[in-house]
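**Student:** What follows is a protein structure lacking sequence information:
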């Protein structure tokens, strides 16, 4: 009887140790290499939808004071990693609000950036856009915050089809991504020329008329230029997606978005 009891207790202890070290390893893996991020708003539609869950590659741009958990991290700048490229979808810490944002890099240090009639201009050259159909979704509250989508075909009753014209944009270097246009002549469809300072980046959302991004002055609550030390990592792949208020609502899962690459 004693031997049986000893073996049982030993088996339980081994299980506890296995679970403990598994959690430790998972914690280290998450802290050093990847950070989970849940898409809370529609500013990156249709690349990213509310309810998409992804892991952010924290090694892509190296470690900064906002992405590294250790006291060895730099006070400013980054250690290791490479520089972001135009077209990267990046999670970063908002420089004044202290919350995490996700947008697309459109302007690198030294670039000039301007919007003219809803079209992006980089370094004095128009960035080509080609029509790519219409993005549609039901006009229903979305995600835990129950955000209602904006539609180009308003008025749209709740539950009906919400439409947004979609265009494929080709950045210098050949990278392409889709952008949406809700309202012609929106407040940020025409901007002054921005010159991106050294060590900073210019970000925009793909849902151009529903994105609070670098087009808006931080002095009035906007984003402005984002210093390199505020970058957390690059979004490479959607792991899971749910259209409901909770991931527990399995009937709202979007299985077609599981493991989808982010372009």
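**Tutor:** Good, I have the coordinates. Here the structure is a predicted model, which is why all the values come from computation and not from measurement.

**Student:** wait, what's in contact with residue 41?
**Tutor:** Going by C-beta atoms under 8 Å, 6 or more residues apart in numbering, residue 41 touches 50, 143, 145, 147. Yep, even glycine has a C-beta here, placed from its N, CA and C like the rest.

**Student:** Kindly report the same for residue 139.
**Tutor:** Residue 139 neighbours (C-beta under 8 Å, 6+ apart): 148-149, 151, 156-162.

**Student:** Quick check: the two most widely separated of the contacts of residue 41?
**Tutor:** 50 and 145 (8.2 Å; C-beta to C-beta).

**Student:** Now do the shared contacts for the two.
**Tutor:** Shared contacts of residue 50 and residue 145, counting by C-beta under 8 Å, 6+ apart, come down to 40-41.

**Student:** So between these two, which is more surrounded?
**Tutor:** Between residue 50 and residue 145, counted using other C-beta atoms under 10 Å, residue 50 has the larger neighbour count: 24 against 11.

**Student:** just for this structure, where's the confidence low?
**Tutor:** Scanning the chain with the threshold set as pLDDT under 70 gives 1-33, 63-81.

**Student:** burial of the residue lying closest to residue 200 once chain neighbours are set aside, as a residue count?
**Tutor:** In space, and not counting its chain neighbours, residue 200 is closest to residue 225: 3.9 Å by C-beta to C-beta, 6 or more residues apart in numbering. Neighbour count for residue 225, taken as other C-beta under 10 Å: 20.

**Student:** circling back: got JSON lines for the contacts of residue 139, with distance to residue 258 and secondary structure too?
**Tutor:** Below are the contacts of residue 139 laid out as JSON lines (distance: C-beta to C-beta, whole Å; DSSP: H, G, I helix; E, B strand; the rest coil):
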{"residue": "148", "distance to residue 258": "26", "secondary structure": "coil"}
{"residue": "149", "distance to residue 258": "22", "secondary structure": "coil"}
{"residue": "151", "distance to residue 258": "27", "secondary structure": "coil"}
{"residue": "156", "distance to residue 258": "29", "secondary structure": "coil"}
{"residue": "157", "distance to residue 258": "31", "secondary structure": "coil"}
{"residue": "158", "distance to residue 258": "28", "secondary structure": "coil"}
{"residue": "159", "distance to residue 258": "26", "secondary structure": "coil"}
{"residue": "160", "distance to residue 258": "28", "secondary structure": "coil"}
{"residue": "161", "distance to residue 258": "24", "secondary structure": "strand"}
{"residue": "162", "distance to residue 258": "24", "secondary structure": "strand"}
